[in-house]
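Visitor: predicted model follows, preceded by the sequence.
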Amino acid sequence: MKDSMEFILALKNASLDDPLAKLSDDALDQLRNLPQGPIIINSPGVRQSISMYLVLKHGSQEAYNQMQRATMHNFEAANGAEEILSFYNVEKLIHQHTGVELIEHDMCPESCLAFTGPFAHLESCPIKVMIQTFVTILLGPQLQALYHDPENGLRQTGKVPVINDIAMGFDILGAVLNGEIKWDDIILMVSLDSAQLYESKTSNCWIYIWVVLNLSPDKCYRKVHVHPGGFIPGPNKPKNVDSFIIVGMHHLATLQRESLTIWDASCNDIIKSDLHLIFMTADGPGLVYWDGMVGHSSKNGCQMYCGLRGRHKTCGTHYYPVLLKPHNHCIAGSDHANIDAFTIPLGSADDYSKNLELIVTIPSQPQYELKQTETGLMKPPLIFSLSPQCCLSVLLCMTTDIMHLVGNLSDLLLVLWCGTMNCAPTDNINTWDWAILCDGDSWIAHGKAMEDAGPYFPGSFDWKPQNIAEKVNTNYKTWEFHLYIFSLSPALLYNVLPKPYWLNYTKLMRSEGRFQIMSQHSLSAEDLADTFILLGTWEQEFETLYYQLREDCLHFMRPCTHQTSPPICYAQWTMECTIGNLGQEIQQPSQPYCMVNTLLSTMPNLDKPHKCLSDTAADLGEDRYAKLPVGEEAQAISDFLGPNHPLPHIKKWSQLLLLNGQIARSAWREKLRSLNKTWMSCNVKLLINRQTRFAEVLYYMRLAVAEPDADDVDDNTGYHFIDIAIIQMYSPPDDQLLQLSSHTVVSCALLDEVSVVNVKKIMSVVTMIPHEPRLPSGITEDCFFMLEKPGLDIANFGIPYYENLDDNAEDTNNVNLK
């Protein structure tokens, strides 16, 4: 407690001149007297040096040196060839241009603590003798570099649409309206996590990163805009995290006090920016390092501080977040009344402040331990030292995340369904009717069904779920669990998992602030209301079905069953991608990861992708037709054009680039490949007459229509082009199964009808996986169940979710679609 208070006091009066900052004179001058104007490099040799450095950012220093020698030898007579820099000099030049400063502090080699704050006077660790260092990367120069690119859009404004960004609540918008967040201010999120950088040897470390939320969601999570804050070497878990992160927090506190000087290329002016920290994120257990709360196994273990008191077993000390009181045996301390999932309060800032004051003023260790259990707090967080005008309150800025909850809930459901959950002596595993995968044959068949579904996944889904029966214990990825548990399994387990458990599971999948609905980047108020109803219903049913109000089954209720999650905008995927990037960057040990990002922010023209189409693609501007269509396709095209339009010659196209970045392909080309070599991308979601439909695209084509374009008043050519897709429609989904499954099993039949649609009716690429279900009507037929990529807008069919909700719960040829 004393150490925590000293850290907070050290940040209260933070200054760039403090010894803790360890800033060089050049770094101080960069922060306070930033040079104006863009960085211009006229020498072709120097520019080639930087380009080679960027191309080989995942390579070794020797690879750069070989390319340097080859370039100078083969182009020795070229202008600037003699100016190509060595590896050392190109890194030195980049450092000069970016101004990024790496600050080193001593630490215990066992990660006990860092020699900062109250430990700064120590010459050796009080626990261990040896000393090593950890690195902090200053945020200020990285933010200054962002403004060198006028296209970053840091100052763009617009109307607030549906919920599709972090700034949709009044906690943030109110600060803008009140003038606390001003036009030139920067909004930040910090994220902390552990990392295993090497697969084959011990390399655990801890990393924290900064994300600039002024940028739109399609920009702020890109690698070039993710700013590393610091690295805590392993292999052990840090025992005093505050002593490590205080350096980065001290820098932030200083910039909040003095403001950050920035040259803004968009207006060619010097501005002063205040830095606002609005979110501090980590996985569930990691949040304790930010908020000062106790762990999840304590009596008040909710990291949102909602006031839910846990329950524990007789003679046990581990508390579980259980709403319903055990009916067979309930000891004192766990005998409080049942809690309604729909009336759980939000975290109370007043209660948090009062309890924190109580913890800080306790005079003795025994009293401290007692109050720590009662209040759920163990120390004041470092955020208390930051400017209250530049931060949200503790309970508002601490947020859980969707990614880790996917893994936690997947693990919980699997151990239940596989019957591997710890069974108490007073319980009987043979009574677990939900354990449908406990025998080997069922588990193997389930894994084979997953594997068979793999070829039907489009490449835009990033990953095919592998056979879980073979791979679950060998690096099964979180994204695979997301696709498996929260996309595939509702259909795979239909008529396999007993109906009450399956119905409960589909509510979880459709709701639970992190999956189908909350995995979208855009949400409506109606979506949120539906999620609230489904989530509350799921949690109460889950306790009744699995835990069954038995004290010996309390351990079935893990923190993930209680923990809610914000939308996907806050997900830890960014941190995981950063960790993956670092695993590549360490192949060039002398290269700081942040230096490349800052360089590309300062000089974005060095690495801008070529935006034109490939050599084999067309921009819908060519007029080449190969043949006359015949049969059903010809009839469909004639119907589309209407009477008095002769049937034109056509040229088939095989791919279509959609506005969302997905590539929709065609059955015409995909069916030439064997199924096991296919990432099937010919199935699409369409919006036809305001109804969501699905179809298989046979191919794409352009039609030249001999009449002026009604949408172009300046068209005097007498004809225009119509870009269409020849499709084979799927039937509307079975509405009974759709409603029964809370919209998670969308089962359709492939129709024989061939029709034509304008390509602009295509919304996204979807997965259509064959299955043969016994429908609620009693009919068994060949169908396809539809999956959408998590994160895209999901289909809404206008059918109620569930009729019995609790009354208390309110290839070679491509087309670019631009």
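Guide: Looks like it arrived, so ask away. Residues are numbered from 1 along each chain as shown.
Visitor: distance check, His318 against Asp335.
Guide: Applying Cβ to Cβ, to the nearest Å, the value for His318 to Asp335 is 17 Å. Any C-beta I mention is one placed from the backbone N, CA and C, and that applies to glycine too.
Visitor: can you check Asp411 too?
Guide: Distance from Asp411 to Asp335, by Cβ to Cβ: 30 Å.
Visitor: tell me which of the two has more neighbours.
Guide: Asp411 (15 against 11; other Cβ atoms under 10 Å).
Visitor: for that one, give me phi and psi.
Guide: Torsion angles at Asp411 (phi, psi; degrees, to the nearest 10) stand at phi -60, psi -40.
Visitor: and it, how far from Trp206?
Guide: Asp411 is 22 Å from Trp206, by Cβ to Cβ.
Visitor: equivalent analysis for Pro490, please.
Guide: On the measure of Cβ to Cβ, Pro490 and Trp206 end up 36 Å apart.
Visitor: looking at those two, which has the bigger crowd around it?
Guide: Pro490 (25 against 22).
Visitor: all strands of the stretch 701-818 of the chain, in order?
Guide: Using DSSP state E, counting those that start in this stretch, the strands found in the stretch 701-818 of the chain span residues 720-730, 746-748, 750-758, 762-765, 767-771, 783-787, 814-816.
Visitor: make a markdown table from these and add distance to His482, mean neighbour count and mean pLDDT to it.
Guide: Formatted as a markdown table, the strands of the stretch 701-818 of the chain follow (distance: least, Cβ to Cβ, whole Å; neighbours: other Cβ atoms under 10 Å; pLDDT from 0 to 100):
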| stretch | distance to His482 | mean neighbour count | mean pLDDT |
| --- | --- | --- | --- |
| strand 720-730 | 24 | 21 | 87 |
| strand 746-748 | 18 | 23 | 93 |
| strand 750-758 | 27 | 16 | 90 |
| strand 762-765 | 17 | 23 | 92 |
| strand 767-771 | 14 | 18 | 94 |
| strand 783-787 | 11 | 24 | 93 |
| strand 814-816 | 29 | 19 | 49 |
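Visitor: how far does stretch 177-195 sit from the chain's center?
Guide: Offset of stretch 177-195 from its chain centre (Cα atoms, centre = their mean, to the nearest Å): 18 Å.
Visitor: what's the end-to-end length of it?
Guide: End-to-end distance for stretch 177-195: 39 Å, by Cα to Cα, to the nearest Å.
Visitor: verify the stated contact: Ala265 with Pro38.
Guide: Yes: Ala265 lies in contact with Pro38 (Cβ atoms under 8 Å); the separation is 6.2 Å.
Visitor: could you check which of the two has the larger neighbour count?
Guide: Ala265 (18 against 13).
Visitor: can you tell me the closest non-neighbouring residue to Trp417?
Guide: Using Cβ to Cβ, 6 or more residues apart in numbering and skipping the chain neighbours, the partner closest in space to Trp417 is Leu437 (4.8 Å).
Visitor: sec struct for the one you found, please.
Guide: coil (DSSP: H, G, I helix; E, B strand; the rest coil).
Visitor: all further residue positions should be reported with the first residue as 28.
Guide: Will do, 28 is the new start, and the previous item becomes Leu464.
Visitor: just checking, it touches Leu443?
Guide: No: the pair Leu464 / Leu443 is not scored as a contact, 9.5 Å apart, by Cβ under 8 Å.
Visitor: so which of these two has more stuff around it?
Guide: Leu464 (24 against 21).
Visitor: for the more buried one, phi and psi?
Guide: Given degrees, to the nearest 10, the pair of backbone angles that Leu464 has is phi -110, psi 20.
Visitor: contacts only, for it.
Guide: 441, 444-446, 470, 473 (Cβ atoms under 8 Å, 6 or more residues apart in numbering).
Visitor: just the pLDDT for it.
Guide: You'll see Leu464 listed with a pLDDT of 92.
Visitor: measure the residue nearest to Trp444 to Ile512 for me?
Guide: Where Ile512 is concerned, Leu464 sits at a distance of 13 Å (Cβ to Cβ).
Visitor: quick one: common contacting residues for those two?
Guide: Contacts common to Leu464 and Ile512, judged by Cβ under 8 Å, 6+ apart, are Leu441.
Visitor: so Gly167: helix, strand or coil?
Guide: The three-state label given to Gly167 by three-state DSSP is helix.
Visitor: the nearest residue to it once chain neighbours are set aside sits in which helix or strand?
Guide: Using Cβ to Cβ, 6+ apart and skipping residues adjacent in sequence, the residue nearest Gly167 is Leu58, 5.0 Å away. Using DSSP states H and E, Leu58 falls within helix 52-59.
Visitor: helices of the stretch 78-227 of the chain, start to end?
Guide: Assigned by DSSP state H, counting those that start in this stretch, the helices in the stretch 78-227 of the chain fall at 88-101, 114-125, 166-173, 197-204.
Visitor: so what's the residue nearest to Pro408 when sequence neighbours are not counted up against?
Guide: Leaving aside its chain neighbours, Pro408 sits nearest to Gly319 (4.2 Å; criterion: Cβ to Cβ, 6+ apart). Gly319 sits next to 31, 383, 404-408 when contact means Cβ under 8 Å, 6+ apart.
Visitor: and Gly319, how far is that from Met425?
Guide: Applying Cβ to Cβ to Gly319 and Met425 gives a distance of 10 Å.
Visitor: count of neighbours near Glu815?
Guide: So Glu815, with other Cβ under 10 Å, has 21 neighbours.
Visitor: you'd agree it is up against Lys712?
Guide: Yes: between Glu815 and Lys712 there is a contact at 7.2 Å, judged by Cβ under 8 Å.
Visitor: returning to that earlier point: now render the contacts of Gly319 as a markdown table, adding secondary structure and pLDDT.
Guide: Below are those laid out as a markdown table (DSSP: H, G, I helix; E, B strand; the rest coil; pLDDT from 0 to 100):
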| residue | secondary structure | pLDDT |
| --- | --- | --- |
| Ser31 | helix | 83 |
| Leu383 | helix | 85 |
| Leu404 | strand | 87 |
| Met405 | coil | 86 |
| Lys406 | coil | 87 |
| Pro407 | coil | 87 |
| Pro408 | coil | 88 |
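Visitor: specify which member of those residues is nearest to Ser221.
Guide: Pro408 (19.3 Å; Cβ to Cβ).
Visitor: do you know how far the closest one is from Met79?
Guide: Pro408 is 45 Å from Met79, by Cβ to Cβ.
Visitor: the two - which one has more neighbours?
Guide: Taking neighbours as other Cβ under 10 Å, Pro408 and Met79 compare with Pro408 leading, 23 against 20.
Visitor: contacting residues for the more buried one?
Guide: Pro408 touches 317-319, 421, counting by Cβ under 8 Å, 6+ apart.
Visitor: what is the neighbour count of Val117?
Guide: 19.
Visitor: ok, Met94 to Phe513 distance?
Guide: Distance from Met94 to Phe513, by Cβ to Cβ: 45 Å.
Visitor: swap in Met276?
Guide: With Cβ to Cβ as the criterion, Met276 and Phe513 are 35 Å apart.
Visitor: for Phe102, same thing?
Guide: Taking Cβ to Cβ, one finds Phe102 at 54 Å from Phe513.
Visitor: name the residue in the two with the higher neighbour count.
Guide: Phe513 (25 against 15).
Visitor: can you classify the more buried one as helix, strand or coil?
Guide: Relying on three-state DSSP, one would call Phe513 helix.
Visitor: for Tyr379, same thing?
Guide: Tyr379 ends up helix, using three-state DSSP.
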